[in-house]
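Undergrad: Dropping the sequence and predicted coords here.
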Amino acid sequence: MTEQIRAAGLAAQYALQVDHVASEAATPRTTTPAMPMMKEQMETTAPTATPIADHRVTIEDDATPIVRLIGRTLRDAVQQRHAPYAFGSYSGSVAVRSHATPQAATVTFADDAVTVTGGVFAPTDATVVVDLDARFTSVAMEGDAEIADWLLRALQVPQPEWRTAAARFWEITRDVRGIPDVLVAVASGPDGREEARFGAGTNVYRVVGTPDVLAGLFTGSDFLFTALARGLRVQGTLAQLSAMTAASWKARFDV
């Protein structure tokens, strides 16, 4: 099911989510938020890795959603120094296909750069089939196992601390029309509840979830309605939900 269909299917649950959050009696502990800081198999080569700061991740103009998602995720991998030895260590290409939709992209590694383009129009060294709604979980793989496995590991970037992710989300979505004046994020886990508050004003939107669910939402690893399906609870108006949906798309696809 695509993200658009999921959005339509889950929107009806929103009012119930709101009522549930509003009725909770527990008072969260407030903490200071952290600031953001197959085709015919082809030959692959593995030259000496270069410093991670030199790596470039580029996407084509007018990119499709899957291209934007892969590009944004690989940039996050570079920034977090995730799988640092793999960037610059391979020359080759991998086809990435959605397990549930016709979406596909080609990831090409060459000259210490990674390029992501839409579709698969030529033979590649490997093909990976992934669940785009489950943080690139592998469904199938064929071809060069080494380069395919590396790409999958690079795409499965560890989630940052949820308050750090929330601070960055708040920073990059300030220009989204209708975004609430205040975002309140409440993490609920085995050690209790913690709250982080961003912004000032009377127009407040509240989200409650586990640290992993919150981090997934704020980094764009998960779309808003995917997070709702995983237990995220929200409190706000339908107009705020619309603005937060746009903010979720911005974080997810870097648009």
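TA: Sure, I can see it. Residues are numbered from 1 along each chain as shown.
Undergrad: okay, CA-based contacts and neighbour counts for the rest of this
TA: OK.
Undergrad: who's in contact with Thr127?
TA: Residues counted as contacts of Thr127 (C-alpha atoms under 8 Å, 6 or more residues apart in numbering) are Met38, Val94, Ala95, Val96, Arg97, Met141, Glu142, Gly143, Ala148.
Undergrad: tell me which element the second one is part of?
TA: So that's Val94. Taking DSSP states H and E as the criterion, Val94 maps to strand 92-98.
Undergrad: and the next element down the chain from that strand?
TA: Immediately after strand 92-98, counting by DSSP H and E, sits strand 104-110.
Undergrad: one step back: tell me how confident the model is about the strand holding Val94, as a mean pLDDT.
TA: Averaging pLDDT along strand 92-98 gives 97.
Undergrad: contact partners of it?
TA: The contact list for strand 92-98, computed with C-alpha under 8 Å, 6+ apart, reads 42-45, 103-110, 120, 124-132, 147-148, 151.
Undergrad: just to revisit the earlier point, Produce a ChimeraX select command limited to the buried residues of the contacts of Thr127.
TA: Those of those that count as buried under 16 or more other C-alpha atoms under 10 Å are selected in ChimeraX with:
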select :94,95,96,97,141,142,143,148
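Undergrad: Run the chain-centre distance for the strand holding Val94.
TA: Here strand 92-98 is found 18 Å from its chain centre; the criterion is C-alpha atoms, centre = their mean, to the nearest Å.
Undergrad: before we move on, what about stretch 241-255?
TA: From the chain centre to the centre of stretch 241-255 is a distance of 11 Å (C-alpha atoms, centre = their mean).
Undergrad: could the contacts of Thr127 go into a markdown table alongside distance to Glu194?
TA: Formatted as a markdown table, those follow (distance: C-alpha to C-alpha, whole Å):
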| residue | distance to Glu194 |
| --- | --- |
| Met38 | 48 |
| Val94 | 41 |
| Ala95 | 41 |
| Val96 | 38 |
| Arg97 | 38 |
| Met141 | 40 |
| Glu142 | 44 |
| Gly143 | 46 |
| Ala148 | 39 |
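Undergrad: among the contacts of Thr127, which two are most distant?
TA: Spatially, the most separated pair among the contacts of Thr127 is Arg97 and Gly143, at 13.7 Å (C-alpha to C-alpha).
Undergrad: got the angle for the helix or strand where Ala140 lies vs strand 92-98?
TA: Here Ala140, judged by DSSP H and E, is contained in strand 137-143. Angle, strand 137-143 to strand 92-98, by axes from the mean of the first three to the mean of the last three C-alpha atoms, to 10 degrees: 140 degrees.
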